[in-house]
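**Student:** coords please:
(2 chains)
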Amino acid sequence: MIRHHITDELLMAYSAGTLPEAFSLVVATHVSLCDECRARLESYDAVGGALLEKMDGAIDLSAGSLDATLARIAAWKDAQDRPASAITQALAPEEQPVFPAPLRDYVGGDPAAVRWRPVGGGVRQAVLPTSREASVRLLYIPAGTAVPDHGHRGTELTLVLQGAFRDEHDRFGAGDIEIATEVTQHTPVAEPGPDCICLAATDAPLRFSGWLPRLAQPFLRI
Amino acid sequence: MPASRGQCSVKEQVEELPEWALELRQVAVSGDAAAFARLFEHFGPRVKAFLMKSGADAAMAEECAQDVMATVWHKAVSFDPARASAATWIFTIARNRRIDMLRRQRRPEPEDLTWGPEAEPDQLDALVMQQETARLSQALEQLPEKQRVLIERAYFGDLSHSEIAEATGLPLGTIKSRIRMALDRLRHTMSRESIRE
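**Tutor:** Numbers count the residues shown, from 1 in each chain, chains lettered A, B, ... in the order given. As a prediction, this is how the structure comes out:
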């Protein structure tokens, strides 16, 4: 049961197409798991559709535009002779891949395909390639382990994919998203049970409170 | 399957879809060039205007609008009129093309929940979605000028995601409930299909 959802401004920005790629990946992954947010997102898409329909002073296309488009369509068809569109089927629980499709695209598979790097204290991470305005990484936090107390200079989105963590404020289980801002200061601890895997995006480097983690920060590549 | 479907042929059902959904279905089912031409005439100029308002020059917008309309043809089979209006669906294609073109970024998309090429659109759900869309348009027009301008700027890619907070708070409750119902039905169908296999 997902309890922590995406905010309206993030959904609207994702629908408008203005989020940094790293944040979009977290939103798309959460929406893949949460039909409530999918319905909210598609409502924001409907706002975009209403604006498109009402577009003032619609600009005429150049002469021959339709023919040029039909030629494009024909060329495209020849090129690939249309592979049957992939239809996502609901899988039986035991076949359920751990990562939703958008994340699989970035990782190149499920957790086994991730190239984890240790970052101390048993915690591992893998930075995923995105545009540079913001960064996103997978975090692997062994059950019972704490992530060092840290504040945030920008906005940080943390989506739980497996296991759960707790901080001073609340509990976050699989599918839940935590949105931390500059004022959030917390110490997330992975709960006992399955190890915790999260997808975390930030538009600023993390800021750790203790001096040792601060020294370690340059090695985290975030 | 709803009882209303059993009585009529595929042709009759299709004719009761909302107007642009009908054209999209004709393109998907039979590659109907005349139906595509009508879609093109209506949406092509709108897509081009949308791209120009979003910062593209005329030549780039023309090029991309053609590309968007070609994508409309190829993906017509995945359009679900119970979940979105044709304008909404075409907006998402144009937006994705814009991200690609102007920001040169990938666009991570949620896992696909397509309803599959064999499925028939449910006319009643499609018509209700059309009404909801019309109601949303009216509600947007009645918003205070300041908020409406802010929303337009947001969708033309002209607001940062922190500025967007001021543009939220839209009357989306009823359209959201309809979409949610359509998703629930789709999930239900998908799990039935997987059991059958």
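**Student:** which helix runs longest in chain B?
**Tutor:** helix B:173-196 (DSSP state H).
**Student:** list the buried residues in it.
**Tutor:** Residues of helix B:173-196 classed as buried: B:175-176, B:178-180, B:182-183, B:186, B:190 (neighbour count, 16 or more other Cβ atoms under 10 Å in any protein chain shown). No exception for glycine: its C-beta is placed from N, CA and C like everyone else's.
**Student:** what two of those residues are the furthest from one another?
**Tutor:** In those, two members sit farther apart than any others by Cβ to Cβ. They are B:I175 and B:M190, at 22.4 Å.
**Student:** show me which helix or strand of chain A is least confident by mean pLDDT.
**Tutor:** helix A:211-220 (a mean of 45; mean pLDDT, DSSP states H and E).
**Student:** before we move on, back to that, which one among the buried residues of helix B:173-196 gets closest to A:M55?
**Tutor:** Within the buried residues of helix B:173-196, proximity to A:M55 (Cβ to Cβ) peaks at B:I175, which comes in at 19.9 Å.
**Student:** I figured that closest one hits B:T133, correct?
**Tutor:** Yes. Judged on Cβ atoms under 8 Å, B:I175 makes contact with B:T133 at a distance of 7.1 Å.
**Student:** what do these two both touch?
**Tutor:** Counting by Cβ atoms under 8 Å, 6 or more residues apart in numbering or on different chains, the residues touching both B:I175 and B:T133 are A:A46.
**Student:** once you drop chain neighbours, what's closest to A:G154?
**Tutor:** A:A204 (3.3 Å; Cβ to Cβ, 6 or more residues apart in numbering or on different chains).
**Student:** list the contacts for B:L136?
**Tutor:** Listed by Cβ under 8 Å, 6+ apart, the contact set of B:L136 reads A:46-47, A:50, B:171-172, B:175.
**Student:** and what about A:A126, helix, strand or coil?
**Tutor:** Secondary structure state of A:A126, per DSSP: H, G, I helix; E, B strand; the rest coil, is strand.
**Student:** thought A:R137 was touching it, still the case?
**Tutor:** Yes. A:A126 is in contact with A:R137 according to Cβ under 8 Å; the separation is 6.1 Å.
**Student:** so between these two, which is more surrounded?
**Tutor:** Legend: neighbour count by other Cβ atoms under 10 Å in any protein chain shown for A:A126 and A:R137, higher for A:R137 (20 against 17).
**Student:** where do the strands sit along chain B?
**Tutor:** Applying DSSP state E to chain B gives no strands.
**Student:** ignore the last one, chain A
**Tutor:** Along chain A, counting by DSSP E, strands occupy A:117-118, A:124-128, A:135-141, A:150-152, A:156-162, A:165-166, A:171-172, A:177-180, A:189-190, A:196-202, A:206-208.
**Student:** parallel or antiparallel, which strands does the second one pair with?
**Tutor:** Paired neighbours of strand A:124-128 in the sheet (DSSP bridges): strand A:117-118 (antiparallel), strand A:135-141 (antiparallel).
**Student:** and these, which is most packed in?
**Tutor:** Most buried of the strands paired with strand A:124-128, by mean neighbour count (mean count of other Cβ atoms under 10 Å in any protein chain shown): strand A:135-141, with a mean of 23.
**Student:** can you name the residue of chain A nearest chain B?
**Tutor:** A:G49 (2.9 Å; Cβ to the nearest Cβ).
**Student:** quick check: pLDDT value at the residue lying closest to that residue once chain neighbours are set aside.
**Tutor:** Once flanking residues are discounted, A:G49 sits nearest to B:T88: 2.9 Å by Cβ to Cβ, 6+ apart. Predicted confidence (pLDDT) for B:T88: 97.
**Student:** please work out how many residues are found near A:W76.
**Tutor:** Using other Cβ under 10 Å, the number of residues around A:W76 comes to 15.
**Student:** ok, it touching B:K75?
**Tutor:** No. The pair A:W76 / B:K75 is not scored as a contact, 11.4 Å apart, by Cβ under 8 Å.
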